[in-house]
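Colleague: Got a sequence here, can you model it:
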Amino acid sequence: MPIDQHHAQVFICASKVASASSNKSLALSSTHVKRDVHESTLAKKKVRDALVTLYVLKEVSKSISKTYDFNRGGEGQVQGNRVLDVVFTLVL
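Modeller: So this is what the prediction gives:
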């Protein structure tokens, strides 16, 4: 069954609206993906920085543990195993 010119024009207009909507959706999705990639990159950098900081604190903690006896009480000594408290005090 052939369609008349009016119905053909309606079909063309509907196709243009659908195409514009699809293009808008694609652009919006692209923006969301770019934002998510950027956020992921920032999160990865924060994790890397945190791991580096943790490694440094661990090495400082080892160094302090070898230098001081934390398990023996006494004048000028820290009682108990509080190496990280001392590390944080020195670092901060």
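Colleague: Next, count neighbours for Leu57.
Modeller: 16 (other Cβ atoms under 10 Å). Heads up, the C-betas are built off the backbone N, CA and C, glycines and all.
Colleague: And it, which helix or strand is it part of?
Modeller: Secondary structure from DSSP states H and E places Leu57 in helix 5-67.
Colleague: what helices or strands is that helix leaning on?
Modeller: Contact analysis of helix 5-67 by 3 or more Cβ pairs under 8 Å, 6 or more residues apart in numbering; DSSP states H and E lists helix 83-91 as its packing neighbours.
Colleague: Now do the helix it packs on, average pLDDT.
Modeller: Mean pLDDT, helix 83-91: 61.
Colleague: Number the residues from 83 up from this point.
Modeller: Right, with 83 as the first residue, what we last looked at is helix 165-173.
Colleague: Might you list the low-confidence residue ranges for this protein?
Modeller: For the chain, applying pLDDT under 70 flags the ranges 83, 147-174.
Colleague: 50 instead?
Modeller: Across the chain, residues meeting the criterion (pLDDT under 50) sit at 161-163.
Colleague: Report the contact partners of Lys140.
Modeller: If you count contacts by Cβ atoms under 8 Å, 6 or more residues apart in numbering, Lys140 has none.
Colleague: Can you tell me how far Leu124 is from Val92?
Modeller: Using Cβ to Cβ, to the nearest Å, Leu124 is found at 48 Å from Val92.
Colleague: and if you look at Lys140?
Modeller: 71 Å.
Colleague: Please apply the same query to Pro84.
Modeller: 15 Å.
Colleague: what about these two, which has more around it?
Modeller: Set Pro84 next to Val92 and count neighbours by other Cβ under 10 Å: Val92 wins out with 12 against 5.
Colleague: Could you measure from the more buried one over to Val99?
Modeller: Per Cβ to Cβ, Val92 is found 11 Å from Val99.
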